[in-house]
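> Pasting the sequence and the predicted model now:
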Amino acid sequence: MITDTPREPTTARSSGTLLYLLKLLAGPAAFGLVLALPLALSYQGRIALATFACVIVWWIAQPIPWAVASMLPFVVFPAAGVMDIAATMRLYGQPIFFWIMGTVLMGYAIEKHGLARRIALGFLALPSVGNRTHRLAFTYMLMVGVVSMFVSDAATVAMMIPIGMSVVRHVRNVTGSVEDGAHGGLSNLAAFITLGTLYAAVAGGTATMMGVPHNGIAISMLERFTGRQLGFFEWMVAGVPVFLALLVTFFLTLCALVRPELRVLPGGEAFLRAERAKLGPLRSNERRVLCVFAVMVLLFVLPTIVNIALGDSHPATAAVNRALSIWVVPPAVMFLLFGIRSTEPGSALLTWKDAEQQAPWNIMILVAAGVAMTDAVTQFGFVEMMGTFIGGLGISPVTLPY
């Protein structure tokens with residue numbers, strides 16, 4: 001018997017091909033446009049900037065993966081005579097790559113072994129929180145933000161949404177509300193919890209330097225351009241107030257736009273306490289992950305503590321600052337995560353399979369490439385050109401300090 005093989009419609013296939021070609025050609029178009037501009041840059045600077053523009057357009061349009069697009073300088077720079085392949089690859093030897101990998105895997109270990117869920121339920125089950133809608137909603141968003149300080153935004157949302165939705169389901173069961181019944185199925189409460197999870201995760205990512213991988217770009221650029229290296233506490237001095245301000249703003253916005261249907265949550269506190277009780281006592285793996293996390297925080301803050309205790313000029317301060325740069329801590333933490341045994345036979349707290357699946361390889365290469373190409377355009381006078389351009393606008397130091 002001859003059967004017809006299902007085929008994709010020709011029109012749909014053609015439009016998909018056309019869209020892909022437009023996305024792919026948008027990069028070279030940006031390259032050519034930058035080259036055509038009358039920029040006060042050397043030949044090497046114009047090629048480097050044009051390459052960066054092409055890669056950025058490809059990152060946005062995504063005709064090819066971010067990581068692959070990031071490798072364009074390997075082809076263009078040697079061919080165009082900007083720099084040889086060895087010098088080009090040295091640009092990519094960024095400590096930020098392993099910094100992102102270590103901080104993300106630390107966050108995943110907290111998630112994998114249930115420590116983040118335990119911390120969140122511990123705070124949500126506090127007295128006088130679970131029975132009032134607004135108290136519970138704000139505390140929930142606060143805990144999402146706190147978890148997001150150390151766990152990636154996506155993982156935080158994935159981990160915390162089930163906790164929030166379980167509260168919504170419990171209230172629906174207790175009140176008897178259904179989708180077309182009383183309280184409109186508590187759709188506002190569900191929307192508040194869902195959107196609150198997302199917004200709080202974004203806000204929490206600003207609080208610490210490991211909150212989101214892209215914070216590392218700011219730290220790296222600051223160090224390269226000014227020679228100043230931010231400490232863990234120094235970031236938090238600005239990051240925590242920004243986080244709290246964003247959290248309150250998001251909370252009040254959600255209260256205005258999707259005000260929950262109920263002011264009092266029947267049995268909410270008892271439900272959360274029951275959920276917390278289900279977790280039981282702190283397990284061995286949770287203790288080990290908690291110890292690794294404590295070591296990481298200690299290593300991050302030790303240079304600041306030594307500096308305060310002994311002063312800038314003490315030899316010990318210089319030695320600690322040299323040995324415990326912020327770029328050193330995440331790789332050191334990975335040694336602990338992959339070296340400390342788990343309660344599961346023959347396994348560590350993290351395995352390489354965890355690293356393969358959970359490390360954001362695309363983002364790590366993208367960030368390393370972004371820093372590398374920024375270095376390249378900086379080498380060839382882009383910063384000086386922009387300084388001259390901004391100075392020509394007549395902007396005063398009061399408006400734009402320098």
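That came through, no problem. Numbers count the residues shown, from 1 in each chain.
> Contacts only, for residue 276.
Remark: with contacts taken as Cβ atoms under 8 Å, 6 or more residues apart in numbering, residue 276 is in contact with 118, 121, 122, 124, 125. In this view, the C-beta of every residue, glycine as well, is placed from N, C-alpha and C.
> Please check the residues you listed and keep the buried ones.
Members of these that pass the buried threshold by neighbour count (16 or more other Cβ atoms under 10 Å) are listed as 118, 121, 124, 125.
> Reformat those residues as JSON lines; add secondary structure.
What follows is these, written out as JSON lines (DSSP: H, G, I helix; E, B strand; the rest coil):
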{"residue": "118", "secondary structure": "helix"}
{"residue": "121", "secondary structure": "helix"}
{"residue": "124", "secondary structure": "helix"}
{"residue": "125", "secondary structure": "coil"}
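> and which of these is nearest to residue 336?
Using Cβ to Cβ, residue 118 is the member of those that lies nearest residue 336, at 20.2 Å.
> Surely that closest one touches residue 286?
Yes. Between residue 118 and residue 286 there is a contact under Cβ atoms under 8 Å: 6.8 Å.
> any idea which element residue 108 lies in?
Following DSSP states H and E, the helix or strand that holds residue 108 is helix 95-112.
> list the helices and strands that helix packs on?
If you count contacts as 3 or more Cβ pairs under 8 Å, 6 or more residues apart in numbering; DSSP states H and E, helix 95-112 packs onto helix 153-175, helix 215-226, helix 284-310, helix 329-339, helix 352-358, helix 361-379.
> next SSE after the third one?
Using DSSP H and E, the helix or strand that follows helix 284-310 towards the C-terminus is helix 315-323.
> buried stuff in that following helix?
For helix 315-323, the buried set under the neighbour-count rule, 16+ other Cβ under 10 Å, comprises 317, 320, 321.
> Switch these over to JSON lines; also include distance to residue 362.
JSON lines is the format used below for those (distance: Cβ to Cβ, whole Å):
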{"residue": "317", "distance to residue 362": "39"}
{"residue": "320", "distance to residue 362": "35"}
{"residue": "321", "distance to residue 362": "33"}
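> Give me the distance between the residue lying closest to residue 282 once chain neighbours are set aside and residue 163.
The spatially closest residue to residue 282, leaving aside those adjacent along the chain, is residue 118, at 7.4 Å (Cβ to Cβ, 6 or more residues apart in numbering). Look at residue 118 and residue 163: by Cβ to Cβ, to the nearest Å, they are 11 Å apart.
> what residues are up against residue 250?
Neighbouring residues of residue 250 by Cβ under 8 Å, 6+ apart: 141, 196, 199, 200, 203.
> Try it again at 7 Å.
For residue 250, the contacting residues are 199, 200, 203, by Cβ atoms under 7 Å, 6 or more residues apart in numbering.
> That one: what secondary structure?
For residue 250, the secondary structure call by three-state DSSP comes out as helix.
> about what we covered before: so which of the contacts of residue 250 comes closest to residue 92?
For the contacts of residue 250, the minimum distance to residue 92 (Cβ to Cβ) is 31.8 Å, reached by residue 203.
> Wait, a strand at the closest one?
No. Inclusion of residue 203 in a strand is not indicated when three-state DSSP is applied; the result is helix.
> Could you check how far it is from residue 47?
Relative to residue 47, residue 203 is positioned 40 Å away (criterion: Cβ to Cβ).
> And residue 289, by the same measure?
Taking Cβ to Cβ as the measure, residue 289 and residue 47 are separated by 47 Å.
> pull the helix or strand with minimum mean pLDDT from the chain.
Across the helices and strands of the chain, mean pLDDT, DSSP states H and E gives its lowest value to helix 382-392, namely a mean of 68.
> about what we covered before: using CSV, please lay out the contacts of residue 276 together with pLDDT and distance to residue 65.
Conversion of the contacts of residue 276 to CSV gives the following (pLDDT from 0 to 100; distance: Cβ to Cβ, whole Å):
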residue, pLDDT, distance to residue 65
118, 83, 36
121, 77, 37
122, 78, 40
124, 75, 39
125, 78, 43
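> Same list, those residues, but as TSV with distance to residue 329 please.
Putting those into TSV (distance: Cβ to Cβ, whole Å) gives the following:
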residue	distance to residue 329
118	24
121	29
122	26
124	30
125	32
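> which one of those residues is nearest residue 339?
Using Cβ to Cβ, residue 118 comes nearest to residue 339 of the contacts of residue 276, at 23.6 Å.
> Make sure the closest one is actually in contact with residue 279.
Yes. Counting by Cβ atoms under 7 Å, residue 118 does reach residue 279; the two are 5.4 Å apart.
> Can you give me the neighbour number for residue 274?
Burial of residue 274, expressed as a neighbour count using other Cβ atoms under 10 Å, amounts to 13.
> That one and residue 119, how far apart?
Taken as Cβ to Cβ, the spacing of residue 274 relative to residue 119 amounts to 17 Å.
> likewise residue 139?
The spacing between residue 139 and residue 119, counted by Cβ to Cβ, is 12 Å.
> Look at the two and report which has more neighbours.
For residue 139 and residue 119, the more surrounded residue by other Cβ under 10 Å is residue 139, and the numbers stand at 20 against 16.
> I'd like to know how many residues surround the nearest residue to the more buried one once chain neighbours are set aside.
Taking Cβ to Cβ, 6+ apart as the measure, residue 139 lies nearest to residue 129, with 5.0 Å between them; neighbours along the chain are not counted. Here the count is done by other Cβ under 10 Å, and residue 129 has 18 residues near it.
> Shouldn't residue 276 be within a helix?
Yes. When classified by three-state DSSP, residue 276 is found to be part of a helix.
> contacts for stretch 237-246?
With Cβ under 7 Å, 6+ apart as the test, stretch 237-246 has contacts from 145, 203, 204, 206, 207, 208.
> again with stretch 71-91
The list of residues contacting stretch 71-91 from outside it, by Cβ under 7 Å, 6+ apart, reads 44, 47, 48, 51, 54, 55, 372, 373, 375, 376.
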